[in-house]
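*Asks:* Here is my input; please provide its structure:
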Amino acid sequence: ARAAVLVPSGHATHIVVSHDNLTSNLVQFDLLQRLTAEDVVLGSGLLRHPYGMLTAMNHPLYRGATIVTASEPLRPGAFLEIVRRHRVTVACLTPVDVTRVARHAALGHYDTSSLRLILCHGESLSADDTARTSVALRATVVQCYGTPETGCTHVAPDDRPVPAGSVGMALPGTDTRFVE
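*Replies:* Have a look, this model is predicted:
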């Protein structure tokens with residue numbers, strides 16, 4: 001039975017996901033990325049996409065965290081103010097948003113000390129932008145990888161470092177095959 005019909009921007013087809021898909025992806029993701037009830041998670045318009053639904057809604061709800069939503073597009077100044085005002089600990093952003101925030105002129109004028117993790121998904125974030133953002137916001141930046149049809153299949157675990165620009169490791173129970 002279908003649990004959700006998602007219509008990510010830029011996709012001609014609608015993505016139908018089942019309850020089993022959503023719950024198994026949630027349990028897999030939870031083994032590598034840990035949240036607590038004390039976390040405050042910021043998500044934007046990404047909730048219509050499997051990654052955003054997982055990282056900004058399902059996982060925080062599963063762990064009892066607070067969810068803060070923002071309109072899209074998320075402007076850098078608005079993002080920084082939301083982090084400051086709501087003491088956001090985890091932000092779920094697109095690579096474009098991550099890069100804009102890291103280069104924002106007023107970055108140093110906002111208290112972002114609560115932010116510990118940025119989960120980036122939607123497309124690839126370069127190693128340079130990952131490192132620049134991590135230094136600018138003093139937070140770990142990791143990428144989620146997968147397809148709209150499968151959801152998240154790879155992520156950097158929150159308890160060990162991975163090289164900047166890496167998609168991390170396969171979620172438990174996920175097989176990966178490299179082909180040329």
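*Asks:* need the helices for the protein, in chain order.
*Replies:* Using DSSP state H, the helices found in the chain span residues 19-32, 50-52, 59-63, 76-86, 95-102, 127-137.
*Asks:* Give me the packing partners of the first one, helices and strands only.
*Replies:* Yep, that's helix 19-32 we're talking about. Helices and strands touching helix 19-32, by 3 or more C-beta pairs under 8 Å, 6 or more residues apart in numbering; DSSP states H and E, are strand 2-6, helix 59-63, strand 151-155. Yep, even glycine has a C-beta here, placed from its N, CA and C like the rest.
*Asks:* neighbouring contacts of the first one?
*Replies:* In this case it means strand 2-6. Applying C-beta atoms under 8 Å, 6 or more residues apart in numbering, the external contacts of strand 2-6 come out as 14-19, 21-22, 48-50, 53, 148.
*Asks:* OK, contacts around the residue nearest to R132 when sequence neighbours are not counted?
*Replies:* In space, R132 comes closest to A102 once its chain neighbours are excluded; the distance is 5.1 Å by C-beta to C-beta, 6 or more residues apart in numbering. A102 sits next to 129, 132-133, 136-137 when contact means C-beta under 8 Å, 6+ apart.
*Asks:* average pLDDT for stretch 42-54?
*Replies:* Across stretch 42-54, pLDDT averages out at 79.
*Asks:* could you turn it into CSV, dropping everything but the C-alphas?
*Replies:* The C-alpha trace of stretch 42-54 is given here as CSV (Å, rounded to 0.1, in the frame of the first residue of the first chain):
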residue,chain,number,x,y,z
LEU,A,42,15.6,22.7,10.5
GLY,A,43,14.1,21.7,7.2
SER,A,44,12.9,23.7,4.3
GLY,A,45,10.8,22.9,1.2
LEU,A,46,12.7,19.6,1.0
LEU,A,47,9.8,17.7,2.7
ARG,A,48,8.4,16.9,-0.7
HIS,A,49,11.5,14.9,-1.5
PRO,A,50,12.4,11.4,0.0
TYR,A,51,15.7,12.8,1.5
GLY,A,52,14.0,15.7,3.1
MET,A,53,11.1,13.6,4.3
LEU,A,54,13.6,11.3,6.0
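*Asks:* Report the buried residues of that stretch.
*Replies:* Within stretch 42-54, the residues that count as buried by 16 or more other C-beta atoms under 10 Å are 42-47, 49-54.
*Asks:* Repeat that for stretch 17-29.
*Replies:* Across stretch 17-29, burial judged by 16+ other C-beta under 10 Å covers 17, 21-22, 25-26, 28-29.
*Asks:* Same check on stretch 105-123?
*Replies:* 110, 112, 115, 117-122.
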